[in-house]
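>>> Sequence first, predicted coordinates after that:
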Amino acid sequence: MMFTSSRSKERSKGLKEANYILGNKGDVFSIHYSCECFNRSKSSRPRVTSISIYNVATREQNSFNIHVEAQLKSYNCKRLSENDLDASERSLLHRFYKFVNNNHGCIWVHWNMKNSKYGFDALSIRYKFLTKRSAPKVRAQQCYNLDVLLRKLYGHNFEVDTCNSKLLNLAKRNNIPFKGMLLGAEEANAFSAKNYQAIME
């Protein structure tokens with residue numbers, strides 16, 4: 001009788017998911033977004049400050065940034081009012097969801113964008129708050145959390161989880177360039193300090 005452990009089942013599931021993603025590279029986008037500090041936000045959901053999307057096959061990057069939207073509206077980026085920020089964030093999210101509609105059925109790979117505090121649900125909540133309309137749906141079946149996938153493949157201790165960042169440690173260990181990479185709190189602080197270029201990088 002063949003013995004199958006829960007760990008081997010988990011790894012098999014991870015391999016199946018990884019093979020599916022790698023077999024459909026042309027439709028795979030990695031996504032990351034930055035937002036205001038969770039503790040300092042004046043609203044129940046932190047303001048979205050930038051969204052970056054990367055096509056795994058073509059290496060093309062699409063970025064949506066709140067200060068770029070402000071510049072397009074001829075606002076003074078050094079003195080943005082709450083209304084200016086709302087209008088700029090609204091434009092940012094409009095552009096993002098237009099991209100989502102134009103790439104219906106694609107595969108999204110992310111790092112712990114998993115709930116209504118930080119994730120696709122949080123983005124849709126901000127969109128509805130600013131536009132009073134429902135956001136186009138990103139189906140859960142299209143989304144893969146890279147942190148969870150790596151745990152399935154290599155075990156729950158695949159990387160040291162420190163206060164610095166498991167993802168940053170993973171990049172260092174695998175010699176992946178991470179110049180300009182900011183941690184979540186650093187992104188929020190850069191936005192508060194109006195260091196918008198740092199968020200873009």
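Good, I have the coordinates. Residues are numbered from 1 along each chain as shown.

>>> Pull the contacting residues for the residue nearest the centre of the chain.
In the chain, the centroid-proximal residue (C-alpha atoms, centre = their mean) is residue 32; its distance is 2.3 Å. By C-beta atoms under 8 Å, 6 or more residues apart in numbering, the contact list for residue 32 reads 51, 52, 110, 111. Any C-beta I mention is one placed from the backbone N, CA and C, and that applies to glycine too.

>>> Give the bridge partners for it, please.
Taking DSSP bridges as the rule, residue 32 bridges to residue 52.

>>> Same question for residue 110.
Applying DSSP bridges, one finds that residue 110 bridges with residue 145.

>>> Bridged to residue 48, which residues?
Bridge pairing for residue 48 - DSSP bridges - gives residue 35.

>>> gap between it and residue 66?
Separation of residue 48 from residue 66 (C-beta to C-beta, to the nearest Å): 7 Å.

>>> In a markdown table: the contacts of residue 32, plus neighbour count and pLDDT.
Below are the contacts of residue 32 laid out as a markdown table (neighbours: other C-beta atoms under 10 Å; pLDDT from 0 to 100):
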| residue | neighbour count | pLDDT |
| --- | --- | --- |
| 51 | 21 | 96 |
| 52 | 17 | 94 |
| 110 | 19 | 96 |
| 111 | 17 | 93 |
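
>>> what are the ranges of the strands in the protein?
If DSSP state E is used as the criterion, the strands of the chain fall at 28-35, 48-55, 61-65, 107-110, 143-145.

>>> and of those strands, who's closest to residue 92?
Among those, the nearest to residue 92 by C-beta to C-beta is strand 61-65 (4.7 Å).

>>> Show me what that closest one pairs with in its sheet, parallel or antiparallel.
strand 48-55 (antiparallel).

>>> Could you list the residues in contact with the strand it pairs with?
So strand 48-55 is contacted by 26, 28-36, 60-66, 89, 92-93, 96, 99, 122-123, 126, 187-188, 191, 199-200 (C-beta under 8 Å, 6+ apart).

>>> filter the residues you listed to the buried ones?
28-31, 33-36, 64-66, 89, 92-93, 96, 99, 122-123, 126, 187-188, 191, 199-200 (16 or more other C-beta atoms under 10 Å).

>>> Distance check, residue 99 against residue 155.
35 Å.

>>> Please read the previous query as pertaining to residue 73.
Residue 73 is 49 Å from residue 155, by C-beta to C-beta.

>>> picking up where we left off before, residue 167: which of the strands of the chain is closest?
strand 28-35 (9.6 Å).

>>> May I have that closest one exported as PDB, CA atoms only?
The C-alpha trace of strand 28-35 is given here as PDB (Å, rounded to 0.1, in the frame of the first residue of the first chain):
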ATOM      1  CA  VAL A  28       0.800  35.900 -16.300                       C
ATOM      2  CA  PHE A  29       1.100  39.200 -14.600                       C
ATOM      3  CA  SER A  30       2.800  39.900 -11.300                       C
ATOM      4  CA  ILE A  31       1.300  42.700  -9.300                       C
ATOM      5  CA  HIS A  32       2.200  44.900  -6.400                       C
ATOM      6  CA  TYR A  33       0.700  48.000  -5.000                       C
ATOM      7  CA  SER A  34       1.600  50.600  -2.400                       C
ATOM      8  CA  CYS A  35      -0.700  52.500  -0.100                       C
END
